[in-house]
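Undergrad: give me a 3D structure for the following:
(chains A and B)
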There are 2 protein chains.
Amino acid sequence: MRKLIIEARVNEFMMRGEGNPNVPYTPAEIAADALACREAGAAILHFHARQPDGKPDHAAETYAETVRLVRGSSDILVHPTLGYATLDDTAERRLDHILRMADDPAAAPHFAPMDMGSVNVDRYNAQARRFDTTNLIYKNSTETLTYFADRIRGAGMKPYLVSWNIGFTRYMGAFLDMGLLDEPAFLCFCLTDNTFLGGHPGTLKGLQAHLDFLPPGRNVEWTVVNFGGNLFSLAGAIIAQGGHISIGLGDYTYSELGQPSNADLVRRIAQMARELGREVATPEEARAILGMEATSKSKAGAKA
Amino acid sequence: MRKLIIEARVNEFMMRGEGNPNVPYTPAEIAADALACREAGAAILHFHARQPDGKPDHAAETYAETVRLVRGSSDILVHPTLGYATLDDTAERRLDHILRMADDPAAAPHFAPMDMGSVNVDRYNAQARRFDTTNLIYKNSTETLTYFADRIRGAGMKPYLVSWNIGFTRYMGAFLDMGLLDEPAFLCFCLTDNTFLGGHPGTLKGLQAHLDFLPPGRNVEWTVVNFGGNLFSLAGAIIAQGGHISIGLGDYTYSELGQPSNADLVRRIAQMARELGREVATPEEARAILGMEATSKSKAGAKA
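TA: Residues are numbered from 1 along each chain as shown, chains lettered A, B, ... in the order given. The predicted structure is shown next:
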C-alpha cells in the first residue's frame, strides 16, 4: 500500500475563541505551525490567510508572505484556499492570488482547490434548530471549473479536487474523460458534521457512499476531511483502505483531546498509521504518489 | 405495505423529435394524456406547460388552463413545475404561477416542488465528451426554500420534495426539525443518467446511497425518478422496498419499448406492482398516504 499522505488543515475560519487557542492566524504563526506539522508527519499544509485578530485576510500579499515563510522553513507542500469569501466572485478573481503566487518561485503553491460542483453552505445549528445564514451558495459552474482546471495545470500546480457529494465525484469523472484533469487525480471527500448539511455525514456510511462512486478504471488518490466533526473515528478505516488523511483545527477544535495543536493531531494520525503498518509519506514522496514530479518537469520543459 | 403511488411525468423538456412522438405539449394534449395515465393507474400528474411547437411556456395562464382541463376530466392529482427556466429568478417569481392557480379551485394544484439544495445542471454528453451548456446552476438557497415551504403550506398544497444527493436529504431533515415541513414528507430521489451529473446514477447502488440517509425516526414517503435513463431496472426493487414510482416520457424516451405512451409506461408499472403483490393507489388513496386530507381540512378550518 502507498504511504499515507497527511494534510494539516490548520485554520480555515476557526476562531481561537471557539474552544482551542492553538489556531494560527498570522503568516508567522501559520509558518511555525506548518513546520511543527511537518515534523509530526504532515506532507501538505492547507491554510487560509487571516488577519491578526482572526478575520479572513483576502490580500494576495498576505497569502504570498505566508507561503514564502512556510517554504523558507520547511519542504511541506502548500495548498492555499480560494477563499470562502469569494462565493459570488468571478472565476478569474477567485484564482487570481494563487496564479500571482505561482509566478514567484518563493511563493508558489503546490496545489489549488477545485470544488467540483455547487452546494448550499449555510451553517445549520442542529441544537438551536436554525440556520445561522440563509443565502450562501458555493457556486462552481462548469465554466468556472473548466477555467480553474486549465489555469491550475498551466501554472504547474496540482488541482486539489473536492467532492461534497456523489454528483461532484461524477463531475470529476467527466473532467477526466474530457482530458481537463490528469491522473492520478487527488480527490478530497469533504464530509460535514454539525455545520454544513451539503456533505455526507462524518460516518463510515457517509464515507462508503463516496467510495462506491469513484469512477471505475481511473487512478484516484483520495483523502478525507470531516468538517465540523472528529475525524479519528474514521481514520482507521481510511488508513486501512488506502486513503489519505486531511485533519486540523480548521475543521474542528478537538476539545475532547484537551487543547491539541495541529501538530498533535498530525502526530496521532502518524502514530495510528504506524500501528496499522502503513508508513507516512514525506512531501517528496507525496509528490511522487500524486504524480507531481512529471507535471513539474513537463511544465518546465514546455517553458524552456 | 402501503399502496403504490404512480406519478406520470409526462413531458418535462422532452421534444417529440428526440425519439418518441407521444410527448404531450398543449394543455389539451396534456389533459388527454393525464386521463389515459389515470386510467392506467397513475395517481399524480407532473407536467411542464409547453407551447404548441414544444418550447417551454412560462405563462401562468397556460399552466392554469392545463390544470383546469386536467381536473375537469379526471381526479388525478396535479403537480406542475416551477420551471427550469427560472434558475436565476427570485423565489417569489418562481412560485407565483402556482400560488395564483391555488387561488382558483378549478385550477388549484395539489403539489408544488421544492428541490432541497443547489446543484449544477449543465447537460453532459458522455459520448461526445462535452457539456452542452456550461453555466447552469439550479440555485435553491435556504431562504428560497424557507419561503417555498411557508407559501406552499399556506396555500394548502403538499410540498413535493426533491433530493439530488445526500445533502438535499439532510436539508429535508433540518426543515422537518425546524417545523417548516409536515410529516409524512413526500420525497423524490432524482437519479440522473446520461444527462445531468448532479444526481446519483440510476443504479441500485445510486438508489441505496439515497435510502441509507433518510432521517431516522421521520415519516417519509419516497418516490424515484430516473432522469435520462430507463427506470424499469430499478422498479422491482423500489416497489418491493415500499417506495413509489415516478416515470414518464419527460425523463426518457423508452425507445427500447418501441414508442410507448405515458399511459403504456404507467400500465407496465401497475402490472409489475400487481405481480409483486402490491396494490396501486387511487388519487384519493394517495392523498391519504401522503397525509393530505388533514392538511386540507386544517387549512380550510384556519381560513374559516
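Undergrad: and for A:Phe39, nearest residue in space, chain neighbours not counted?
TA: No, residue A:39 isn't Phe; it's Glu. Nearest non-adjacent residue to A:Glu39, counting by CB to CB, 6 or more residues apart in numbering or on different chains: A:Ala263, 7.0 Å away. In this view, the C-beta of every residue, glycine as well, is placed from N, C-alpha and C.
Undergrad: low-scoring stretches of the stretch 201-304 of chain A, by residue?
TA: Under the criterion pLDDT under 70, the flagged ranges of the stretch 201-304 of chain A are A:294-304.
Undergrad: ok, which stretches of it are strands?
TA: Remark: strands assigned in the stretch 201-304 of chain A by DSSP state E, counting those that start in this stretch are A:220-227, A:244-247.
Undergrad: pull the contacting residues for A:Ser255.
TA: The neighbours of A:Ser255, taking CB atoms under 8 Å, 6 or more residues apart in numbering or on different chains as the test, are A:Gly19, A:Asn20.
Undergrad: okay, and the most centrally placed residue in chain A sits in which element?
TA: Central residue of chain A (CA atoms, centre = their mean): A:His46, 5.5 Å from the mean position. With secondary structure defined by DSSP states H and E, A:His46 is part of strand A:44-47.
Undergrad: can you name the next helix or strand after that strand?
TA: helix A:60-73.
Undergrad: what is that next one packed up against?
TA: helix A:27-40, strand A:44-47, strand A:77-80, helix A:91-102 (3 or more CB pairs under 8 Å, 6 or more residues apart in numbering or on different chains; DSSP states H and E).
Undergrad: let me know the angle separating the longest one from helix A:60-73.
TA: Helix A:27-40 and helix A:60-73 meet at an angle of 40 degrees, taking axes from the mean of the first three to the mean of the last three CA atoms, to 10 degrees as the criterion.
Undergrad: for the last one, same thing?
TA: Between the axes of helix A:91-102 and helix A:60-73, defined by the same axes, to 10 degrees, the angle is 40 degrees.
Undergrad: buried ones in helix A:91-102?
TA: Across helix A:91-102, burial judged by 16 or more other CB atoms under 10 Å in any protein chain shown covers A:Ala91, A:Arg94, A:Leu95, A:Asp96, A:His97, A:Ile98, A:Leu99, A:Met101, A:Ala102.
Undergrad: what's the helix or strand that that helix is followed by in contact with?
TA: Downstream of helix A:91-102, the first helix or strand assigned by DSSP H and E is strand A:111-115. Under the contact criterion CB under 8 Å, 6+ apart, strand A:111-115 has outside partners A:44, A:77-82, A:95, A:98, A:138, A:140, A:145, A:148-149, A:152, A:155, A:157-162, A:164, A:168, A:186, A:190.
Undergrad: and with 7 Å instead?
TA: With contact meaning CB atoms under 7 Å, 6 or more residues apart in numbering or on different chains, strand A:111-115 is reached by A:77, A:79, A:81-82, A:95, A:98, A:138, A:140, A:145, A:148-149, A:152, A:157-162, A:164.
Undergrad: adjacent strands (with direction) for it?
TA: strand A:158-163 (parallel) (DSSP bridges).
Undergrad: any idea how far the partner strand is from the chain center?
TA: Chain-centre distance of strand A:158-163: 8 Å, with CA atoms, centre = their mean, to the nearest Å.
Undergrad: give the buried residues for whichever helix or strand comes after that strand.
TA: With elements assigned by DSSP H and E, the helix or strand that comes after strand A:158-163 is helix A:166-177. For helix A:166-177, the buried set under the neighbour-count rule, 16+ other CB under 10 Å, comprises A:Ile166, A:Gly167, A:Phe168, A:Thr169, A:Arg170, A:Tyr171, A:Met172, A:Gly173, A:Ala174, A:Phe175, A:Leu176.
Undergrad: the stretch 101-250 of chain A against chain B: which residues are in contact?
TA: Residues of the stretch 101-250 of chain A that fall close to chain B, judged by CB under 7 Å from any CB of the partner chain: A:117-120, A:122, A:124, A:129-131, A:134-135, A:137, A:139, A:141-143, A:146, A:164-167, A:170-171, A:174, A:177-178, A:197-200, A:205, A:209, A:212.
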